[in-house]
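Participant: Next comes the sequence, and after it the predicted model I'd like to discuss.
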Amino acid sequence: MTMDLAPGHDEETRLAALAVLAQQVRELMDAVVLTEADEDEVTSVTAELVALTERLNDARRERPLMPEFAPDGTFRHLGNAVTGACNPHALPLVIEHTPEGSQADLEFRPTHEGPPNSVHGGVSAMILDHLLGHAVATSGRAGMTGTLTIRYRQPVPYGRPVVGTAATTRAEGRKTWADGTISLPDGTPLVEATGLFITPSLWVEAASD
Ligand SMILES: CCCCCCCC(=O)SCCNC(=O)CCNC(=O)[C@H](O)C(C)(C)COP(=O)(O)OP(=O)(O)OC[C@H]1O[C@@H](n2cnc3c(N)ncnc32)[C@H](O)[C@@H]1OP(=O)(O)O
């Protein structure tokens, strides 16, 4: 079912409320992985969540929010799994464009646990994939990830600040390479990535039409 907004409804206000809901769900997910509530309490909370899920599904979209330009002209993808403020799966990652490339201050959560007390390697790879892709896109050569190579140097902690950075390194035809790192704030590298991004032939053809 596709949502129909009432005439005059302020979509930006609704999206802001949705972002607050998504943040609450992130906190719910941490609460789920950390709770020691007894079985009765867990069952009771689950019943409430079933009811809440049904309420939201009463006005269900066919797919998550798409990439778009916000009213202030900035690009956003509120439904994205990494950066989407309205997607509870996202940190969400807030990326700044720096003279060197892309940078994001981030803090992983208990929900991201892989090895005990540290972040799952696939989660770190996902963040680096997006950061590298962002650096490539802001260089004017947007593409899809073709290859991504990760070197895990030290476990990544959650619950404390870390920094993600990425920059393009070279380009050739439709291919662009980028490197990136997740580091401690003092610069200690934890995870390093290098990726090849390819501008799909379909995008090139569409742009020349
Ligand atoms: C700001 C937003 C940031 C977003 C960051 C998030 C990035 C992502 O997660 S993207 C999702 C993951 N990636 C994908 O799903 C990509 C899936 N693959 C595809 O769509 C296509 O295979 C795609 C686009 C990579 C290439 O398709 P196409 O444009 O038809 O390439 P094609 O013409 O066959 O090949 C072009 C060149 O790239 C090479 N190539 C193609 N695919 C790959 C690959 N996976 N690895 C290495 N090289 C490749 C080819 O060998 C060819 O090289 P050469 O010119 O030297 O002969």
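Facilitator: On my side now, so go ahead. Numbers count the residues shown, from 1 in each chain.

Participant: contacts and neighbour counts: CA atoms only from here.
Facilitator: Noted.

Participant: How is the residue minimising distance to the centre of the chain assigned, secondary-structure-wise?
Facilitator: Residue closest to the average C-alpha location in the chain (Cα atoms, centre = their mean): residue 82, at 0.7 Å. Under DSSP: H, G, I helix; E, B strand; the rest coil, residue 82 falls in the coil class.

Participant: Then the one 10 residues further on?
Facilitator: In terms of secondary structure, residue 92 is coil; the call rests on three-state DSSP.

Participant: Which pLDDT does the model give it?
Facilitator: Residue 92 carries a pLDDT value of 93.

Participant: show me what contacts residue 26?
Facilitator: 88, 89 (Cα atoms under 8 Å, 6 or more residues apart in numbering).

Participant: Check the offset of the helix or strand hosting it from the chain's centre.
Facilitator: Assessed by DSSP states H and E, residue 26 sits inside helix 11-34. Distance of helix 11-34 from its chain centroid, counting by Cα atoms, centre = their mean, to the nearest Å, is 14 Å.

Participant: what's the next secondary structure element after it?
Facilitator: helix 39-57.

Participant: before we move on, back to that, what is the orientation angle of the helix holding residue 26 with helix 39-57?
Facilitator: Put simply, helix 11-34 runs at 160 degrees to helix 39-57, going by axes from the mean of the first three to the mean of the last three Cα atoms, to 10 degrees.

Participant: check contacts around the residue nearest to the centre of the chain.
Facilitator: 89, 90, 91, 92, 93, 126, 127, 130.

Participant: Grab the nearest non-local neighbour of it.
Facilitator: residue 90 (4.3 Å; Cα to Cα, 6 or more residues apart in numbering).

Participant: all strands of the protein, in order?
Facilitator: Applying DSSP state E to the chain gives strands spanning 68-69, 75-76, 96-98, 101-106, 144-152, 162-172, 175-183, 189-198.

Participant: list the buried ones in the fifth one?
Facilitator: Neighbour-count burial for strand 144-152, with 16 or more other Cα atoms under 10 Å as criterion, is recorded at 144, 145, 148, 150, 152.

Participant: which secondary structure elements does the helix or strand bottoming out on mean pLDDT in the chain contact?
Facilitator: The helix or strand of the chain with the lowest confidence, counting by mean pLDDT, DSSP states H and E, is helix 201-208 at a mean of 89. Applying 3 or more Cα pairs under 8 Å, 6 or more residues apart in numbering; DSSP states H and E, we find helix 201-208 packed against no helix or strand.

Participant: For the remainder of this discussion, apply numbering that starts at 175.
Facilitator: Sure, I'll start counting at 175 from here, so that last one is helix 375-382.

Participant: circling back to that earlier point, possible to save the buried residues of strand 318-326 as CSV with pLDDT and distance to residue 311?
Facilitator: Output for these, formatted as CSV (pLDDT from 0 to 100; distance: Cα to Cα, whole Å):
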residue, pLDDT, distance to residue 311
318, 98, 10
319, 98, 11
322, 98, 16
324, 98, 20
326, 98, 25
